[in-house]
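Asks: I'd like to go over a predicted model; first the sequence, then the structure.
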Amino acid sequence: MKYTRALLSLGVEIGLAVFASTQWASAQGVDLNKLLLPPADSWLNYHGGYSGQRHTGLTGITPENIGKLQQVWRFQTGQNQQIKSSPILVDGVLYITTPDNIWAVDARTAKELWHYQNPPNDAFHIGHRGAAVYKDTVYLTTPDCHLIALNAKDGTVKWNVVIADSKRGYWSTNAPLIVRNHVLVGVSGDFDNLPGQLKSVDADTGETQWIFYSTPPPGVAQPDSGGATGGQMWTTGTYDPDLNLVYVGTGNPTPVLNGAARPGNNPWTCSIVALNPDTGKQVWGFQASPHDTHDWDANEVPVLVDASFDGQPRKMLMQASRNGYFFVLDRTNGKSLLTAPFATVNWAKGIDPEGHPIPDPAKYPSKDGVLVAPNESGATNFRPPSFDPKTGLFIVSAQDGYGIYFFKPEHGAYGWAGADYAVAGKAFLRAIDYQTGRVVWNHPIGDGAGTAGVLTTETGLTFSGDVPGNVMALRSSDGTTLWHEAVGRMGNAPIMYVLDGRQYLIVGGGSSLYAFALPQGEVQP
Amino acid sequence: MRIAWISLVVLTVAAAVVGQEPGVQPAGRPAGQAKAAAKGQSPKNQAKTAPRDPTQSPASQPVPRTVTPQVYPIEQIQAGAPRFVAQCGFCHGRDAAGGETGPDLTRSDLVAQDQRGDKIGPFLRTGRPERGMPAFNLSAMDLGAIVAFIHDQKTKSEALGGGRRSVDAADLATGDIAAGRRYFNGAGRCAGCHSPTADLAGIATRYRGLALLQRMLYPGRRQTPPKVTLSLSSGQTVTAPLASEDEFTLVILDPSGSRLTYEKSAVTYKIDDPMSAHFDQLGKYTDVDMHNVFAYLDTLK
């Protein structure tokens, strides 16, 4: 396959280490080499690799045998909170989180090994995306904006630092990104006018190394920003080791719906930024939504792909953004290669020569209301997509939806500063040809918006979940359903790994985590 | 730099109920009663306990007054604030006046009718998961504190007026009635299914302001469920309201109200969903059309 060879050079594909040797490599603590080339018996960060492709090289589960997939175990958190996190697997132990909670679970038995609980606090408990691991330490962010380093073996606290002031309205759902000894942590904060910040913390000591601000911190004049705050970086970024660049999506500006209070494009909100992980210095930025007035952050996973574009080998970055546009960038310099809508959109007048959608002022929130597509929850959102190098398809949980947006001066210029109501939406798994932006297949998954992320396999399977609560496997080439199982509504993306020679699919349904595998004795990868 | 435009085929699946206000909110209070309440007088006919139409949005209506005034110790309210913020604040706002997706609880009919948690408590235990409202398993102490905080916020909100996510009926009155009537009978093809003298007679009395606009745009499956016609292997044909479906199963309501589940692969079926025309229309309205049709419907009192 023409893309596969290029991808090998990126060296971050899950399970590739397995093919390099006939022995199953074991994680035994996590170091940079393992993060660069994750062993098959591991899932080492939020994405399962630095590229964000969520594509596994494991070949044991195929379109031919998927019908035999069966549940092996179920782990119940015993809490109300839906599991929205991607588990981490290291040395046969799964680390799974909900707000204020992390469990270490034996991946062979689903027995709890330890459970750490952050003290009760009054920050938002809307969700949590997962933990991170490095060496023998597990890193957990908390709603009240602490970063806690825990001993992987027993869950005891090594150190606990504050990453932002939750009393001012920050909270964190973030699964940290680890690059060498940098633990990159982001926060959220849409209900207050707060500068967007991403912090790098020393993996050993918890000391702050640098802070990147997407909008000016207090006391710093930056006329370009137009007075905007916001631009929070709450999703886990991706990393290119060759370029030594971290890519992170930034959130919407605040005040959220009152654009008049913050004239101009409001950089670097609703953007993809490339940062040097050693210094925090911004190398380039690309704004997906200049002057956003609809809460369409560009926090969606910036997926890194090495492949050909228009016949030329390219180092690319792809994002299906909440605003309904699919972007392909040259990730060496942030220049646009392609901008195309992947869902129903009616808010832009066109695309400028640099690939940015041009917002139509007629669709800014108004006193009598404007009908806008997408709605506030977006054409996609937190749920991670997957890139399948074999078919060249970018597969994303998408929504075609409409909302009505209101703003009048009485709504003010602080926090939300306006009113909006979703009207209707339809949810789909949607496969995009990255070279043209064309939608190759479109699989309905229910009303409203989906909440499950996507995983693709080298054997041509796409795993995700629908709105009513099924986990399902589709054929990646055409979107045909090949398998499903009712698990409750999935709030996370599937992960996949091998343990004791058996390939596992792990998904969250409601507040339970499920493991599926082929029957024992079935031919395995 | 290449720009690609695609046209997406919107597949028709059963229509969504997304975006409607949860059905715990007030229907319209006759204006006279609202005025009387605002002056501190009791409405003459005890309408305060009358059931309200659950489809009404609270955002463009007078705030429903608390039916049974309640006083809570300041300590309990203070204990409730952080609990409310942590568990409820993202969707309903730190001040309970509306957040990222959830409605303003200070305008909620259920809150207005609640007395010391007798309505809020059972509601929280079951939630409304199909609309994104999870169930909460709270201790009696936590529940009591959260209830105290919500009632305190409601009391403050009643004193202040307004509402962070407020959309007043007057804000929406920018359309042209005659143009709206023309669109209704012409380009909008509304008259194919609706009549101002039949199903829409009095619609503007039953729904006002934002509630009328929301219902006009997308009444929702709950109001007008799809009809499914099933051909069974016995040769029998059944037509019934669709209760729910996913890719693999259909659930229909039989005449007794029981739910019957069918594997889609085992039956031949056809779904007639009135909401699909509403959804398609969302892609056709200009904002001017939308406001004009709203202005016309607003005359159907």
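Replies: Thanks, I have the structure now.
Asks: which residue ranges of the stretch 101-250 of chain A form helices?
Replies: Listed in chain order, the stretch 101-250 of chain A contains no helices at all (DSSP state H, counting those that start in this stretch).
Asks: how many residues are close by whichever residue of it sits closest to chain B?
Replies: Nearest residue of the stretch 101-250 of chain A to chain B: A:Asp122, at 3.0 Å (CB to the nearest CB). Backbone N, C-alpha and C define where each C-beta goes, glycine included. A:Asp122: 19 surrounding residues under other CB atoms under 10 Å in any protein chain shown.
Asks: so the residue lying closest to it once chain neighbours are set aside versus A:Pro143, what's the distance?
Replies: On the basis of CB to CB, 6 or more residues apart in numbering or on different chains, the spatially nearest residue to A:Asp122 that is not a chain neighbour turns out to be B:Pro82, at 3.0 Å. Between B:Pro82 and A:Pro143 the distance is 11 Å, computed by CB to CB, to the nearest Å.
Asks: between those two, which one's more packed in?
Replies: The neighbour count for B:Pro82 versus A:Pro143, taken as other CB under 10 Å, is higher for A:Pro143 (25 against 17).
Asks: residue contacts, the more buried one?
Replies: For A:Pro143, the contacting residues are A:99-100, A:118, A:121, A:123-125, A:128, A:166, A:171-173, B:86, by CB atoms under 8 Å, 6 or more residues apart in numbering or on different chains.
Asks: again, only this time at 10 Å
Replies: Counting by CB atoms under 10 Å, 6 or more residues apart in numbering or on different chains, A:Pro143 makes contact with A:99-100, A:118, A:120-128, A:166, A:170-173, A:188, B:86, B:90.
Asks: contacting residues for the residue nearest to it when sequence neighbours are not counted?
Replies: Closest residue to A:Pro143 apart from its sequence neighbours, by CB to CB, 6+ apart: A:Ala123 at 3.8 Å. If you count contacts by CB under 10 Å, 6+ apart, A:Ala123 has them with A:99-100, A:142-146, A:166-167, A:169-172, A:187-189, B:82, B:85-86, B:89-90.
Asks: what do you get for A:Ala373?
Replies: A:294, A:324, A:341, A:343-347, A:363, A:379, A:399-403, A:423, A:425, B:282-283.
Asks: give me that answer again for 8 Å
Replies: A:324, A:343-347, A:400-403, B:282-283.
Asks: quick one: these as JSON lines, columns for pLDDT and secondary structure too.
Replies: Formatted as JSON lines, the contacts of A:Ala373 follow (pLDDT from 0 to 100; DSSP: H, G, I helix; E, B strand; the rest coil):
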{"residue": "A:Gly324", "pLDDT": "98", "secondary structure": "coil"}
{"residue": "A:Ala343", "pLDDT": "98", "secondary structure": "coil"}
{"residue": "A:Thr344", "pLDDT": "98", "secondary structure": "coil"}
{"residue": "A:Val345", "pLDDT": "98", "secondary structure": "coil"}
{"residue": "A:Asn346", "pLDDT": "98", "secondary structure": "coil"}
{"residue": "A:Trp347", "pLDDT": "98", "secondary structure": "coil"}
{"residue": "A:Asp400", "pLDDT": "98", "secondary structure": "strand"}
{"residue": "A:Gly401", "pLDDT": "96", "secondary structure": "strand"}
{"residue": "A:Tyr402", "pLDDT": "97", "secondary structure": "strand"}
{"residue": "A:Gly403", "pLDDT": "95", "secondary structure": "strand"}
{"residue": "B:Leu282", "pLDDT": "98", "secondary structure": "helix"}
{"residue": "B:Gly283", "pLDDT": "97", "secondary structure": "coil"}
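Asks: which one of those is nearest A:Gly392?
Replies: Lowest distance from A:Gly392 to these (CB to CB) belongs to A:Ala343, with 19.6 Å.
Asks: in what helix or strand does the nearest residue to that closest one once chain neighbours are set aside lie?
Replies: Closest residue in space to A:Ala343, ignoring its immediate chain neighbours: A:Ala379 at 3.6 Å, by CB to CB, 6+ apart. Using DSSP states H and E, A:Ala379 sits within no helix or strand.
Asks: what of A:Leu329?
Replies: Going by DSSP H and E, A:Leu329 is in strand A:325-330.
Asks: can you name the next helix or strand after that strand?
Replies: Heading C-terminal from strand A:325-330 (DSSP H and E), you reach strand A:335-341.
Asks: and the strands in chain B, which stretches?
Replies: B:2-3, B:227-231, B:237-245, B:249-253, B:259-263, B:268-272 (DSSP state E).
Asks: what about the stretch 101-250 of chain B, any weak spots by pLDDT?
Replies: B:129-131, B:160-165 (pLDDT under 70).
Asks: mind listing the shared neighbours of B:Pro82 and A:Pro143?
Replies: A:Asn121.
Asks: for the stretch 51-200 of chain B, what spans make up the helices?
Replies: With DSSP H, counting those that start in this stretch as the criterion, the stretch 51-200 of chain B has helices spanning B:74-92, B:109-113, B:120-126, B:140-160, B:177-185.
Asks: got those helices as JSON lines, with distance to A:Thr215 columns?
Replies: Formatted as JSON lines, these follow (distance: least, CB to CB, whole Å):
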{"stretch": "helix B:74-92", "distance to A:Thr215": "21"}
{"stretch": "helix B:109-113", "distance to A:Thr215": "36"}
{"stretch": "helix B:120-126", "distance to A:Thr215": "37"}
{"stretch": "helix B:140-160", "distance to A:Thr215": "30"}
{"stretch": "helix B:177-185", "distance to A:Thr215": "42"}
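Asks: deepest-packed of those, please.
Replies: Across the helices of the stretch 51-200 of chain B, averaging neighbours per residue (mean count of other CB atoms under 10 Å in any protein chain shown) puts helix B:109-113 on top, at a mean of 22.
Asks: kindly export that one (C-alpha atoms) in CSV.
Replies: Output of helix B:109-113 as CSV, limited to C-alpha atoms (Å, rounded to 0.1, in the frame of the first residue of the first chain):
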residue,chain,number,x,y,z
ASP,B,109,-41.7,24.3,36.4
LEU,B,110,-40.5,21.3,38.2
VAL,B,111,-38.4,23.5,40.5
ALA,B,112,-41.3,25.8,41.0
GLN,B,113,-43.5,22.9,42.1
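Asks: elements contacting it?
Replies: helix B:120-126, helix B:140-160 (3 or more CB pairs under 8 Å, 6 or more residues apart in numbering or on different chains; DSSP states H and E).
Asks: of those helices, which is nearest A:Asn65?
Replies: helix B:120-126 (40.4 Å).
Asks: list the helices and strands the closest one packs on?
Replies: helix B:109-113, helix B:140-160.
Asks: name the surrounding residues that touch it.
Replies: Against helix B:120-126 from outside (CB under 8 Å, 6+ apart): B:24, B:110-111, B:114, B:135-138, B:143, B:146-147, B:150.
Asks: how far does it sit from its chain's centre?
Replies: Here the centre of helix B:120-126 is set off from its chain's centre by 18 Å, with CA atoms, centre = their mean, to the nearest Å.
Asks: before we move on, what about stretch A:163-174?
Replies: With CA atoms, centre = their mean, you get 19 Å for stretch A:163-174.
Asks: okay, now that stretch: how far is its last residue from its first?
Replies: Using CA to CA, to the nearest Å, one end of stretch A:163-174 lies 11 Å from the other.
Asks: circling back to that earlier point, just the buried ones from the contacts of A:Pro143?
Replies: A:99-100, A:118, A:121-128, A:166, A:170-173, A:188, B:86, B:90 (16 or more other CB atoms under 10 Å in any protein chain shown).
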